[in-house]
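S.K.: can you look at this prediction? I've put the sequence above it.
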Number of protein chains: 2
Amino acid sequence: MTEATGTASAARVADVLLLFADGPTARGVSEIARLLGMPKAVVHRILTTLVDRRLLETDPGVRGYRLGPGAAALGARALRESRLREAAMPVLRELSLQTGETATVSARVAGGRVYLDQVQSPQEIKMTVEIGRRYPLHAGSSSNCILAFLPAAEREAVLAAEITAVTEHTLVDPALLQDRLDTIQHQGYATSAGERQLGAGAIAAPVFGLDGEVTGSISVCGPATRLDEDTRDKVVPLVRAAADTISRKLGWHGGLPDRG
Amino acid sequence: MTEATGTASAARVADVLLLFADGPTARGVSEIARLLGMPKAVVHRILTTLVDRRLLETDPGVRGYRLGPGAAALGARALRESRLREAAMPVLRELSLQTGETATVSARVAGGRVYLDQVQSPQEIKMTVEIGRRYPLHAGSSSNCILAFLPAAEREAVLAAEITAVTEHTLVDPALLQDRLDTIQHQGYATSAGERQLGAGAIAAPVFGLDGEVTGSISVCGPATRLDEDTRDKVVPLVRAAADTISRKLGWHGGLPDRG
DNA sequence: GATTTCGTTCCGCTGGAAGGAACGGATGCT
DNA sequence: AGCATCCGTTCCTTCCAGCGGAACGAAATC
């Protein structure tokens, strides 16, 4: 929204581009102009340039723009060479081995988080996630983990925004959600059951970067029937230890207020 | 290079971003400024903005910038929802079934092409490609296919640029390469053996978009020992037919000069 | 310790982008 | 069919935001 850093024109380009990260596959000039509060002429010029560079492409019938192969090349590399992902994967392999469930790693992005990668459970019935898909921060344990450890200002901005139920088990009351975030912040991990996907359970812990800010989270997830309260006691310390290991790999060197 | 369309400032942003599509993982301000011929101050401002939007992130020791999770979110979606990919995948499944080899689909991007997706061969010894990785247009059959059907101006620009050998079997003489491109354009498909990767063989055909321009290519690839001259005669018509099917799905409705 | 090279900051000038308005085509509603 | 709306695109003038040369401190190299 506010652009204090860098140049406003570059921010406009980035904002236009990021609009394509979720929502409808194709968007039109007027729609984008309305969403970002820019004149249509400006949006049109930016879109033209991005098409020229193949970051976007025009939809067949000349109605609307969508992501192009240039963005694909960029993103595939971003996924492949993410520092968080590289630090997490060996730890996740271990974690998946210990628990027998799928282990995932997510990174914080503007407006939510994305799954960077996963190590799939060897079991026949298992949970898998969609790499690179963006999810909001208010539902699910991987999301809530990030939200709970965000700087207060950013956290409140998310809570103030509209909260839409993803499933019937999503917490939609901001006050209740705030309570849960307090608990998560206090105990250093998050659990969830069916908030983002029905029948799924997960245990997640936050990952911190060099500067001490939360850069993402990891989770162990599977069918809710297997991740019951008994197994949870066994899994929680494993997930927390794994998250710590990854944070340290990223250069983080601190402690959590109410942790350990 | 030349920016006649849209705005120059947006083009600068796109160019900075696209620089991260290949080459070193992390790049510095001065390096980018040198590569793009911009003042350091400008590059620095753009980078600052892109970091703010999480399309880029700063490397640990504050030395250099690299792709961030925002780019990952963008690109994952671009791959997932590419029209070319969606049109190609069912056809590639069929093609892989018929040939027993790996089938791939590539899209043209600035400075080369990227693999959008593949259907892997069921055999134990098989060839696989790296999704999202960018390759130059002068080596390999998937690449040459695109190059051969590019508008003359663009093709000559590629040929004029420096041609570096990827393996010992890469054609580096522009004249010889031009001859091959003529052949490909004439017969409507391309074959290669070990140009991009030693021991690998491939048969590729171009895919055209609504406007009749080549938007990418598909290939059947595997160990060179299995893709010999005998099997080639069987595979070529299958690949050509598959490419035609995909082109038609994309709204293309024309014929090739020396084809059929 | 000297020197190069880095990332970052400052500031005055100017040229390119902004953006309101108008156009023509497509679509949908009555 | 006629009307109204909404779309993408283009035009043109005004002005302010970004350009970019230069200077700075830090860090790496020799």
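M.R.: In hand now; what should we look at? Everything quoted here is computed from the prediction, not taken from an experiment.

S.K.: pLDDT of the lengthiest helix in chain A, averaged?
M.R.: Longest helix in chain A, counting residues (DSSP state H): helix A:229-249. The average pLDDT for helix A:229-249 rounds to 93.

S.K.: tally of neighbours for A:R34?
M.R.: Residues near A:R34, counting by other Cβ atoms under 10 Å in any protein chain shown, number 12. In short, each C-beta sits where N, CA and C put it, glycine included.

S.K.: would it count as being in a helix?
M.R.: Yes. Per DSSP: H, G, I helix; E, B strand; the rest coil, A:R34 lies within a helix segment.

S.K.: what about it, distance to B:P122?
M.R.: Separation of A:R34 from B:P122 (Cβ to Cβ, to the nearest Å) stands at 49 Å.

S.K.: repeat for A:V239
M.R.: From A:V239 over to B:P122 (counting by Cβ to Cβ), the distance is 36 Å.

S.K.: neighbour-wise, which of those two wins?
M.R.: A:V239 (28 against 11).

S.K.: touching, the more buried one and A:E94? I think so.
M.R.: No. Counting by Cβ atoms under 8 Å, A:E94 is not a contact partner of A:V239; they are 11.4 Å apart.

S.K.: for the helix or strand hosting A:I46, packing partners?
M.R.: Remark: A:I46 resides in helix A:40-52, with elements defined by DSSP states H and E. Applying 3 or more Cβ pairs under 8 Å, 6 or more residues apart in numbering or on different chains; DSSP states H and E, one finds that helix A:40-52 contacts helix A:8-18, helix A:29-36, strand A:56-58, strand A:65-67, helix B:8-18.

S.K.: chain center to the first one, what's the gap?
M.R.: The one in question is helix A:8-18. 20 Å (Cα atoms, centre = their mean, to the nearest Å).

S.K.: how about that helix against DNA strand C, any contact?
M.R.: Yes. Part of helix A:8-18 sits near DNA strand C under the criterion Cβ under 7 Å from any atom of the strand, namely A:9, A:12.

S.K.: does that helix reach chain B?
M.R.: Yes. Judged by Cβ under 8 Å from any Cβ of the partner chain, helix A:8-18 and chain B are in contact via A:9-15, A:17-18.

S.K.: got the contact list for that helix?
M.R.: With Cβ atoms under 8 Å, 6 or more residues apart in numbering or on different chains as the test, helix A:8-18 has contacts from A:3, A:32, A:36, A:38, A:42-43, A:46-47, A:49-50, A:55-56, A:71, A:110-111, B:7, B:9-10, B:12-14, B:45-46, B:49-50, B:52-53, B:55, B:70, B:74.

S.K.: again with the third one
M.R.: Counting by Cβ under 8 Å, 6+ apart, the neighbours of strand A:56-58 from elsewhere in the structure are A:17, A:20, A:47, A:50-51, A:64-71, B:83.

S.K.: what do you get if the cut-off is 6 Å, keeping everything else the same?
M.R.: By Cβ atoms under 6 Å, 6 or more residues apart in numbering or on different chains, the list of residues contacting strand A:56-58 from outside reads A:50, A:65, A:68.

S.K.: quick one: the residues you listed as JSON lines, columns for pLDDT and distance to A:L181 too.
M.R.: Converted to JSON lines, these look like this (pLDDT from 0 to 100; distance: Cβ to Cβ, whole Å):
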{"residue": "A:L50", "pLDDT": "93", "distance to A:L181": "37"}
{"residue": "A:Y65", "pLDDT": "92", "distance to A:L181": "37"}
{"residue": "A:G68", "pLDDT": "92", "distance to A:L181": "38"}
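
S.K.: now, which of these sits nearest B:V129?
M.R.: Top of the list for closeness to B:V129, among those and by Cβ to Cβ, is A:G68 at 19.9 Å.

S.K.: what sits against that closest one?
M.R.: Neighbour list for A:G68: A:54-57 [criterion: Cβ under 6 Å, 6+ apart].

S.K.: return the closest of the contacts of strand A:56-58 with respect to DNA strand C.
M.R.: A:L50 (12.8 Å; Cβ to the nearest atom of the strand).

S.K.: give me the pLDDT for the nearest residue to the closest one once chain neighbours are set aside.
M.R.: Nearest residue to A:L50, sequence neighbours excluded (Cβ to Cβ, 6 or more residues apart in numbering or on different chains): A:L56, at 4.4 Å. A:L56 is assigned a predicted lDDT (pLDDT) of 93.

S.K.: which stretches of chain A have low pLDDT?
M.R.: Applying pLDDT under 70 to chain A flags the ranges A:1-4, A:60-62, A:162, A:254-260.

S.K.: who in it is up against DNA strand D?
M.R.: A:7-9, A:28-31, A:40-41, A:44, A:47, A:58, A:62-64.

S.K.: which among the residues you listed end up buried?
M.R.: Burial by neighbour count, 16 or more other Cβ atoms under 10 Å in any protein chain shown: within those this picks out A:7, A:9, A:28-29, A:31, A:44, A:47, A:58, A:64.

S.K.: now distance to A:R226 too, for the residues you listed, in CSV please.
M.R.: Output for these, formatted as CSV (distance: Cβ to Cβ, whole Å):
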residue, distance to A:R226
A:T7, 51
A:S9, 51
A:G28, 45
A:V29, 49
A:E31, 43
A:H44, 52
A:L47, 47
A:T58, 47
A:G64, 43
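
S.K.: farthest-separated two in the residues you listed?
M.R.: Across those, the longest distance by Cβ to Cβ is 27.5 Å; it joins A:T7 and A:G64.
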